[in-house]
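In: okay, predicted coordinates and the sequence, questions at the end:
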Amino acid sequence: MKKNVGTVDKMLRLLIVLAVVVLILGGHVDGVFVIALGLLAVVMAVTSMTSFCPLYLLMGVSTCRAGACCCSCSCSADKDSATKEKEPDEEQQDSCCDKS
């Protein structure tokens, strides 16, 4: 699964979750709105934690920073055990992302 939610987008989603929790716990919403906002908060929290938004995938949108490797592969499959601990360089990241 290719990641399509960037860092700023994650933070905004978490702020929305926090705002919804405050609204619900503060008693500012009731009835069906509690359920709807609760579901929205759960979806926002999950998409923020996984860095993947299915709606973004359907729309062809990605908020990942340009040039950053937002793929889910580790890029370490073709390394030997001595260099496995090192982070992949930019060239390896690009080839990693092209494979997914």
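Out: All right, it came through fine. Residues are numbered from 1 along each chain as shown.
In: what's the spacing between residue 29 and residue 14?
Out: Distance, residue 29 to residue 14, by CB to CB, to the nearest Å: 19 Å. (Glycine included, C-beta is placed from N, CA and C.)
In: no wait, residue 60
Out: Distance from residue 60 to residue 14, by CB to CB: 24 Å.
In: which of those two has more neighbours?
Out: When residue 60 is set against residue 14 and neighbours are counted by other CB atoms under 10 Å, the residue ahead is residue 14, at 15 against 7.
In: didn't the more buried one look like it was pressed against residue 45?
Out: Yes: look at residue 14 against residue 45 with CB atoms under 8 Å: they come within range, at 7.3 Å.
In: in this protein, where is pLDDT below threshold?
Out: Scanning the chain for pLDDT under 70 picks out the ranges 67-100.
In: got the CA positions of stretch 18-27 in CSV?
Out: What follows is stretch 18-27, C-alpha atoms only, in CSV (Å, rounded to 0.1, in the frame of the first residue of the first chain):
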residue,chain,number,x,y,z
LEU,A,18,-8.9,16.5,18.8
ALA,A,19,-11.5,19.1,18.0
VAL,A,20,-14.2,16.5,17.5
VAL,A,21,-13.3,14.8,20.9
VAL,A,22,-13.5,18.2,22.6
LEU,A,23,-16.9,18.9,21.0
ILE,A,24,-18.3,15.5,22.0
LEU,A,25,-16.9,15.4,25.5
GLY,A,26,-17.9,19.0,26.1
GLY,A,27,-21.5,18.2,25.2
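In: next, give phi and psi for residue 29.
Out: phi -130, psi 150 (degrees, to the nearest 10).
In: apart from its chain neighbours, what residue comes closest to it?
Out: Distances taken as CB to CB, 6 or more residues apart in numbering put residue 23 closest to residue 29, at 5.3 Å, once the chain neighbours are dropped.
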